[in-house]
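Engineer: Pasted the sequence and its predicted model underneath.
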Amino acid sequence: MVCGMSGSMWIGDLERTARKAARWLVERTPIRSLRDWGIAFSLWPVHFTTACCGAEFAATSAPRFDAERFGFLPFTGPRQCNLMVIEGTLTRKMADAAIWVYEQMPEPKFVIAMGACALDGGIFWNSYNIVRPKDILPVEVFIPGCPPRPEAVARAVIELQKRIRRGEAIGLKV
Amino acid sequence: MSEEEHILELLIGPQHPASGHMRLVAKVDGDVVVSLRPDIGYVHRTVEKLAETKNYIQIIPLVERPPLADTANHNLGYVLALERLLGIEAPPRAQWLRTLLAEMTRIHSHFYGIGIHGIMLGSSTAFMWAFWDREIMIELAQRLTGARLTYSYMIPGGVRRDLPPGFEDEMEKALRYLERRIPDYHKIFFDNPVTKARLEGVGVLRKEDAIRLGIVGPNLRASGVPYDVRKVDPYCAYPELDFNVITREEGDSLARVMVRVGEIKESINMIRQILKKMPDGPILEERYLKMIPPKWKDWMAQHRRIKLPAALISLRPPKGEAVARVEAARGEAVYYIVSDGSPKPYRFRVVSPSIRNVVLFEHLIRNCRVADIPAIYGSLDYFPPEADR
Amino acid sequence: MASRSESESQGQERAEAAPSGEAEALLSKVLEGLSPEISTVGSAVSVKVPPDCLKEAAQRLKAAGFDHVKAVTGIDRPDSGEIELVYHVSSYLDPKLSRWIVALRTTLPRDDPETPSLYDVWPSVKYHEMEQREMLGIRFSGHPDPRRLLLPESYKGIPPLRKDFKVKVEGINA
Amino acid sequence: MMGLLEWILNLLLSPWLFVPLIYPGLISAFAVLLFIIWLERKLAAKVQLRYGPLYVLKQLGGVIQLVADLLRYLSAEPIVPDQADRLAFIFGPILLFASSYMATVAIPISYNFYAFRSEISLLVVLALTAMAPVFNLVIGWGSNNKFGLIGGLREGFLITADEIPLFVSALAMAILYGTMDLVRMVELQSRWLWGIVLNPLAAITFFVLMLLSTSRFPFEIVEAESEIVMGPFTEYSGILYGLTMGASYVKLYVLSLLFAILFLGGWEPLPPLEFPGSWLILPAAVLFLKALVMMGLSVFMRSVYPRYRIDQALRLAWHYLFPASILSVFLSFVVLMGWFI
C-alpha cells in the first residue's frame, strides 16, 4: 500500500496480497480481540451536532456524567473519529452533511442515533423537512428520550462497547 | 494577482468544532476575514407549520424543544400569549413559581453560553466548570418539575406542580455555593491574560448599530441600551422584585460575557427574594380548579401537584389574536397567536432571540482575524436550533 | 377623528397590559393622512394601512421613535383570497413607546403578493422578510439578499405555510 | 551459543545502540509519549472536577488508555485523499516523527555514556529539533485541504518566531558555561550552581519558547481546534494521524531533556546508592525524572490557558521573548564577569 504502485510487480499484485495478509492476520482471535478492545475503549465521536440534543450530549462529557471514563472523547475532525452520534432531529439539509461526514470517516465506524427525533421523528414527526437517520445511515444503538439523560447516552456507549467486543457491531463487518 | 485569487472561501460547515448547527461561509484573505455569511436552516424543523396541526396544550412541548438550554422562558412566553387570548390570569402563587423557574433557567442557560464560549476560545476548564455549575441548577429544576431541561411546567391558567418539601434550604445552599464559585471563574477565565487578549476590543457592537439591527438580550445590553422586557413590560412577579438591568458600554465580546455573569448574580438575588416573598394559595386558576372532580382534590393536595383538567386538552380560545414578549436568557422572545375559535391555532408565529441576533455574524465578523470567528460567535450565545425553529 | 372614537368602543379596554387610549391618540396623529384603522387587539395596538402606503407609514413610525421591528408575520387567508402582512414594531430607547407593541398590518392579494421591502426603513427586518418570502411566497421588492434562508436548496413546491400545503396529521382529530 | 548471546547483549548495551534505540531514543520516547498524553488528560480532568480515562484499567486509573487509542489508530483505515499529493501526504508525518526524535542521539546520559559527543553537541541537538516544523509545512500543503493550508501557513510564521529566540537563549547558556559540550556543562553545574539559578531569564524564555515551538496550550495555534479543525493534520486518519499527534509530544520530550541538562544540572545530584549497573541506571533515571517534571508542567498548561491568536503569539515572540533572550546573553556575561573577579 505504501509504495502505491497498483501495477503487478514480478511477484503478482502486491497490494492485493498485502490486503489479504492483513485481513488474515486480523481474523486471528488474539489479535481480533485486542483490536476490538482497543476500538471499544477509544470511541471518539466526531464534533457534529445535528439538533437540540447537543445540549445533553455536551452534558455527557461534562464533569457530572464524565464520559471520558470510557475513553469517549468528542474530537474534532471526521478523519480521526470512529463514532458519529446523530443528536436529535435530522433535517434534509443536515442529512446531506451527515452522509458526507459519515463517508469521510475511516473504516471501522459506528453510528448512534440519540433522541426520540432520531428514532422516528419524535415531536416533529409530521414535519416536511425531516429525515429518519435509520433510512440513510447504518445505526448501531438508538437512545430514546427527548432529550435523553446523559446517563442514557453513557449507557448507549457501554452497549456499543459490548457489541464491539462481541464482534456484532455493523461497523466491524464492512 | 487579481483580487479573487488571494481570497480563500472557507466553509466552516455544520461539521466543525466551533460552528454549531450551521455553516459559516467566510471569505478569508491571509489571516484576515474579509466577509462572513451565516448559512442557517440546518435545524429548521417547521415549528410554525406543526403548531397549526396541534392542540393548544400540545404546543407547549413543541415550543420548548428549539431553545433547549433555555426552555422555561419560552414556555412562559407562549403561555402568557395564550392567557391573553383566553383573557384569564394565573393565581399569584403560580405567577411566583413561574418567575422562580424562569430565573433558574436563566442561570443555567447563561452557564451553558459561558461554557460553549470557553471551549471555543480553547479553555476546556471554563467549559467543564460552567457545565458543572449548570448541573446544580438543573438538579434543582428537576426536583421542582421532574425533568432536566424540558419542563413543560407552565400551563394556561397556572403551573403543574408546587414546591417540593425542603426546596428552600437546598436552593439556599446551592445559591451560596454558586456565589462562592463565580470569583473562581474570574481568576481562571475572565481575568486570564489570554482571555483578555482574545476578547477585549473584539467584535465591537456600537449602540446605534445594535438598535438599528434590532439586536436583543445581553448582546444589546452590552452595547449600552438598558432594554430588558422584565422592566419595560413586566410580567408574572417581576414588578414586586427589585433587580437592576446589567448594562456595559464597550459592546465588545468581553462586555457581552460580563453582562451574562452580572445577570447570573442578579438572578441569584432574585431567587432569594422569590423564595422569601412567595405567597401561598392555589397554583391553578379557580375556573379550571372547579372542573377537577372532588375525589382528585386530596390526591392533589397530598402530591402537591395538579391533575390536568379535561377542559384544557381541547381548549377553544375565542376568535382573535394575542402578542406576548418575554425576556428569555438569550434575549427577547415574541409569541404571536392568531386563533379562529378552533382547538388548533390558525397562525402561530415564534420570533426567538437567536433569529434576531443572526445578523450580527455579518455585521461583527468583518476584517477581523480568523481566530476571532469563534471568539465573537461564542460571545453572542447563539443557539442555531432556536434560530431555525 | 371619527376613526378614533369608533375604535374606542369596540377595543376591549383591559387595565394593565393593554395600552391606554393615549397610544392610539399618538398613532392616529402620526399616521394622519393614511386613513389608518386603529384598534387595540390583545396587548398590541393594531394599525391597518392600505398596501401602497405601507412604506410611508413605516417611515412616519420610525420618525415617531419606533426604532426596530420585533416580528414580521404573514397570515394566509385563502377564503378571503388575501395574505395579511403584520409588522410588530416597538422602540428600544423611548421609555414611553417601548411599553407598546404596534402591529402595522396590511393585506396583499393572495395570487401575487408583492410589497416594497422595509429594509431601508428598519434594517432589522432583513431575516424576517427573507423567511416570510420563503414560507409564504411574499415577494419583497428591494430586499438586499435574494437567497433562501431556512428551506434546503432542493425544496420545490408551494410555500409551506400556505393553507393549501397539507401536512400529515394524527389520525384521531384529523 | 552463549558467546553469541553475550555479543548481542554487549552490542545492545554499547552506547552507540543504546542511546538512539533504548533510553533517550525510540522506545523511551514512545513510552513517554503514551504516558504523557495520559497524564495530560488526567491532570486536565483533575482540574476540571472529573475523572478522565478510567475504565480502561480501573485499578491503575486508566493508564493504558493511550494503548487503546494506539490500537484504534493501527486498525483504522488509512485514508489517502486522491486529490492530495500522495508522496508528501504519506512521508510527511513519517519524516516529522523521525526528525522530532532524531535529536535524542546527541543527548548524553552520564559522564562516560553517550552516543555522540563533540564540542558542538548543543548545536547538533538544536539544529535537529528545528528541522521538525518544516515537515508541518509539507503536510499542510500535501493534504490539499483549506484548513491544512492555513495551518501550514501558521506553522511557517511560527518556525522563525520560536526557533531563533530558542537558539539565542540556549547559546546564552553555552556562553555562560564556556563550552557547547553537554557533558562538560553538567560537570560545571555540579561544581557551580544549576543553570536555572545562574541565568533565570534564559530559563524562562527557553521554557516559554518550548511551549511555543511544540504548540502547547497557550500557543496551540497550528492545530487550533476551534478555528481550523486540526490544522495541517485535518486529512490524516489512522496511524498517520497517530504519528503527527505523537511528533509534537516527542519534540516536547527532547526539549525537556535539553532543558534538564542546560538548566537543572542534568544527572548531577546522584543518589549514593550502589547496585550492579547503577553507573548507568542512576544518572539516566535522574535525568529522566527532571525531563518528566518539565513535560508535566508544560502539558498542564492545557487546563489553565485558552488559546492565543497567531498575531498575538508572533508579537509575544518577537517583541518580548527575542529581546529577553538577547538580554539573557548579557546576563550570562555579567554572571561570568562576577564569577571570575
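Structural biologist: Received the coordinates, thanks. Residues are numbered from 1 along each chain as shown, chains lettered A, B, ... in the order given.

Engineer: Residues of chain C that sit close to chain A?
Structural biologist: Counting by CB under 8 Å from any CB of the partner chain, chain C comes close to chain A at C:Leu151, C:Pro152, C:Ser154, C:Tyr155, C:Pro160, C:Phe165, C:Val167, C:Lys168, C:Val169, C:Glu170. (Glycine included, C-beta is placed from N, CA and C.)

Engineer: Quick one: distance of the top helix by length along chain A to the chain centre.
Structural biologist: When chain A is parsed with DSSP state H, its longest helix is helix A:150-166. Averaging C-alpha positions (CA atoms, centre = their mean, to the nearest Å) puts helix A:150-166 12 Å from its chain's average.

Engineer: ditto for stretch C:41-61
Structural biologist: Counting by CA atoms, centre = their mean, stretch C:41-61 comes out at 7 Å from the chain centroid.

Engineer: Stretch C:158-174 too?
Structural biologist: 24 Å.

Engineer: List, one by one, the residues from chain A near chain D.
Structural biologist: A:1-2, A:4, A:26, A:34-35, A:37-42, A:62-63, A:66, A:68-71, A:73, A:76-77, A:79-80, A:82, A:104-108.

Engineer: Just the buried ones from these?
Structural biologist: The neighbour count (16 or more other CB atoms under 10 Å in any protein chain shown) marks A:34-35, A:37-42, A:62-63, A:66, A:68-71, A:73, A:76-77, A:79-80, A:82, A:104-106, A:108 as buried among the residues of chain A next to chain D.

Engineer: and those, which of them are in helices?
Structural biologist: Using DSSP H, those in helices are A:Leu34, A:Arg35, A:Trp37, A:Gly38, A:Ile39, A:Ala40, A:Gln104.

Engineer: residue in the stretch 151-300 of chain D nearest to chain B?
Structural biologist: Closest contact between the stretch 151-300 of chain D and chain B, by CB to the nearest CB, is at D:Ser226 (3.7 Å).

Engineer: wait, what's in contact with that residue?
Structural biologist: B:Pro17, B:Ala18, B:Ile119, B:Met120, B:Leu121, B:Gly122, B:Pro374, D:Arg307 (CB atoms under 8 Å, 6 or more residues apart in numbering or on different chains).

Engineer: Grab the nearest non-local neighbour of it.
Structural biologist: Nearest non-adjacent residue to D:Ser226, counting by CB to CB, 6 or more residues apart in numbering or on different chains: B:Ala18, 3.7 Å away.

Engineer: Name the residues of the host helix or strand of D:Pro323 that are buried.
Structural biologist: Following DSSP states H and E, one finds D:Pro323 within helix D:322-340. Across helix D:322-340, burial judged by 16+ other CB under 10 Å covers D:Phe322, D:Ala324, D:Ser325, D:Leu327, D:Ser328, D:Val329, D:Leu331, D:Ser332, D:Val335, D:Leu336.

Engineer: now do stretch C:84-96
Structural biologist: C:Glu84, C:Leu85, C:Val86, C:Tyr87, C:His88, C:Val89, C:Ser90, C:Ser91, C:Tyr92.

Engineer: next one: stretch B:57-70
Structural biologist: Judged by neighbour count (16+ other CB under 10 Å), stretch B:57-70 contains these buried residues: B:57-70.
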